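Student: Coordinates for the following, if possible.
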Amino acid sequence: MPKIAKELGALAVSRLTQPGLHMVGGVAGLALQVTATNARSWILRVMVGAKRREIGLGAYPAVSLKAAREAAKAKRDEIAAGVDPVLAQKERNSLLRASQAREITFEEAAKRFIDAKEAAWSNSKHAEQWRNTLATYAYPVMGKLQVGHINREHVLAVLEPIWRTKTETASRLRGRIESVLDWSRVKGYSSGDNPATWRGNLDKLLSAPNKTKRVRNHPAMPIDDMGVFMVALRAMDTHAARCLEFSILTAARSGEVRGATWAEIDLDKAVWRVPAERMKAKKEHRVPLSDVAVALLKAMPRSDACSLVFPSPTGKTLSDMTLLAILRRANLDATPHGFRSTFRDWAGERTNYPRELAEVALAHVKGDESEAAYWRGDVLERRRCMMNDWAAFIATPMAKGAVIPMQEMA
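Tutor: Reported below is the predicted structural model:
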């Protein structure tokens, strides 16, 4: 049998200062360990199965003699019940670390999801749209919550305030939240059903988006107001004004014009080739330039340091808000994109140009076989005639209600 240590009292224990292991009795194997630097702590030396364990019970005197004996007895009771206290503690520590590793907020999860998916998204603006909508609407409500703690009520708190007023944005936002939470579940950060799913979940609580949203097209300028507006626009001596003017002359999307480079433009052939990666339909679009559009380009300053046709003052791409600001300052209920609608109205109501020709000019997705034929041939010169007629039309201010003679079909 092991030698039974003499049971020491609290005063005797306080006088143990010699470096080494001092058995204090009361519970077999309980000792006070004194280091060379006079640090003292409690150790329980005990056999667990076939292994000898030294189990730390805390520092002395923070842990008193009485408390150390109680802790030592509890450890021996665990061992008697078939538990290895050392292994049990390692398991608890491992579980704690695993739990801490799963502690990720919704904002952190969303940023990691976007970083993981961004390379696969064909549209470079896609990731920025994700970041902006989540930062605007989701993060203030649940950005700091652990993804494993997010429930349906949190998702509804994000969506309900904008579901009726910004239905399209809210619907996209819901899908983005769902994707982030799906990613979190697969990564092991959360479990259970996704609280942002639509079918069988939020569809029972929110109205269907297609029945809720109010369709509002981009505000467009009335056809007969174009001449007066163009006079005012051409009086502005800024790159932003020329950029907006060029977008009107070409009926192109704002982003296509703001990102236009000199390499895309052939002034000799009067053609602007917009590469597929910058087009909504992901197909190269050839734009025949009217004489007025060519003259505008030739008057634009060029710099070897910047490839953009319409750079900002800092040499970067102009923002869409810069063009919109021109219209806002004039108190006009129109948007840069709305001029495409004005062009389409003019082509349909004031000319005999075929509908398909105007659709191709707008780079709309081809529809029936008749329209597809225009895409195959590109009908560049017929479109050039149309764009020259459009440039001539908007160059002349007119009285309200004036009747414009129908153009002969080119």
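Student: Can you show me the strands along the stretch 251-400 of the chain?
Tutor: 265-266, 271-274, 285-288 (DSSP state E, counting those that start in this stretch).
Student: name the helices or strands packed onto the first one?
Tutor: For strand 265-266, the elements it packs on are strand 271-274, judged by 3 or more C-beta pairs under 8 Å, 6 or more residues apart in numbering; DSSP states H and E. Bear in mind the C-beta positions are built from the backbone N, C-alpha and C, glycine included.
Student: Low-confidence ranges, the protein, go.
Tutor: 1-4, 94-102, 122-124, 212-218, 365-378, 399-410 (pLDDT under 70).
Student: Break it into its domains for me.
Tutor: Per the record, the chain has its domains at 10-100, 106-212, 223-394, by automatic domain parsing.
Student: Deepest-packed of the strands of the stretch 251-400 of the chain, please.
Tutor: Most buried of the strands of the stretch 251-400 of the chain, by mean neighbour count (mean count of other C-beta atoms under 10 Å): strand 285-288, with a mean of 21.
Student: Identify the residues contacting that strand?
Tutor: 250, 252, 256, 270-274, 279, 361, 363, 378, 380-381, 383-384, 387 (C-beta atoms under 8 Å, 6 or more residues apart in numbering).
Student: Filter those down to the buried ones.
Tutor: When those are checked for burial by 16 or more other C-beta atoms under 10 Å, the buried set is 250, 252, 256, 270-272, 274, 279, 361, 363, 383-384, 387.
Student: rewinding a little: with distance to Gly9 added, can I get the strands of the stretch 251-400 of the chain in a markdown table?
Tutor: Formatted as a markdown table, these follow (distance: least, C-beta to C-beta, whole Å):
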| stretch | distance to Gly9 |
| --- | --- |
| strand 265-266 | 97 |
| strand 271-274 | 92 |
| strand 285-288 | 94 |
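Student: what about those, which gets the closest to Met221?
Tutor: strand 285-288 (20.8 Å; C-beta to C-beta).
Student: From the chain's centre, how far out is that closest one? Work that out for me.
Tutor: For strand 285-288, the separation from the chain centroid amounts to 32 Å (computed by C-alpha atoms, centre = their mean, to the nearest Å).
Student: swap in stretch 59-67?
Tutor: On C-alpha atoms, centre = their mean, the centre of stretch 59-67 falls 55 Å from the chain's centre.
Student: got it, and stretch 57-65?
Tutor: Counting by C-alpha atoms, centre = their mean, stretch 57-65 comes out at 53 Å from the chain centroid.
Student: okay, how far is it across it, tip to tip?
Tutor: 11 Å (C-alpha to C-alpha, to the nearest Å).
Student: List the buried residues in it.
Tutor: Per 16+ other C-beta under 10 Å, stretch 57-65 contains these buried residues: Leu57, Tyr60, Val63, Leu65.
Student: What is the nearest of the residues you listed to Ala116?
Tutor: Leu57 (46.1 Å).
Student: did I read that right, that closest one in a strand?
Tutor: Yes: under DSSP: H, G, I helix; E, B strand; the rest coil, Leu57 sits within a strand.
Student: residue boundaries of the helices in the stretch 301-410 of the chain?
Tutor: Along the stretch 301-410 of the chain, the segments classed as helices by DSSP state H, counting those that start in this stretch run 320-329, 338-350, 355-361, 369-377, 380-394.
Student: Run the chain-centre distance for the shortest one.
Tutor: In other words, helix 355-361. 34 Å.
Student: do stretch 176-195 as well
Tutor: Centre to centre, stretch against its chain (C-alpha atoms, centre = their mean), the figure for stretch 176-195 is 16 Å.
Student: ditto for stretch 256-274
Tutor: Distance, centroid of stretch 256-274 to centroid of chain: 31 Å (C-alpha atoms, centre = their mean).
Student: What of stretch 31-43?
Tutor: On C-alpha atoms, centre = their mean, the centre of stretch 31-43 falls 56 Å from that of its chain.
Student: Could you pull out the buried residues of that stretch?
Tutor: Ala31, Leu32, Gln33, Val34, Arg40, Ser41, Trp42, Ile43.
Student: Which ones among those residues lie within strands?
Tutor: Using DSSP state E, the subset of these located in strands is Ala31, Leu32, Gln33, Val34, Arg40, Ser41, Trp42, Ile43.
Student: quick one: which of those residues is nearest to Leu134?
Tutor: Ser41 (49.9 Å).
Student: can you list the helices of the stretch 301-410 of the chain in TSV and add distance to Gln18?
Tutor: Compiled in TSV, the helices of the stretch 301-410 of the chain are given as follows (distance: least, C-beta to C-beta, whole Å):
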stretch	distance to Gln18
helix 320-329	79
helix 338-350	91
helix 355-361	97
helix 369-377	96
helix 380-394	101
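Student: and Arg52, bridged to which residues?
Tutor: Beta bridges link Arg52 to Met47, judged by DSSP bridges.
Student: any idea how far Arg76 is from it?
Tutor: Per C-beta to C-beta, to the nearest Å, Arg52 is found 14 Å from Arg76.
Student: If you count surrounding residues, which of these two has more?
Tutor: Arg76 (19 against 10; other C-beta atoms under 10 Å).
Student: how about that one, what does it touch?
Tutor: Val27, Ala28, Gly29, Leu44, Val46.
Student: Tell me how many other residues crowd Ala10.
Tutor: Neighbour number of Ala10 under other C-beta under 10 Å is 11.
Student: My understanding was that it contacts Ala67; is that so?
Tutor: No: shown here, Ala10 and Ala67 do not form a contact pair, counting by C-beta atoms under 8 Å, at 11.1 Å.
Student: overlap in contacts of those two?
Tutor: Joint contacts of Ala10 and Ala67 (C-beta under 8 Å, 6+ apart) do not exist.
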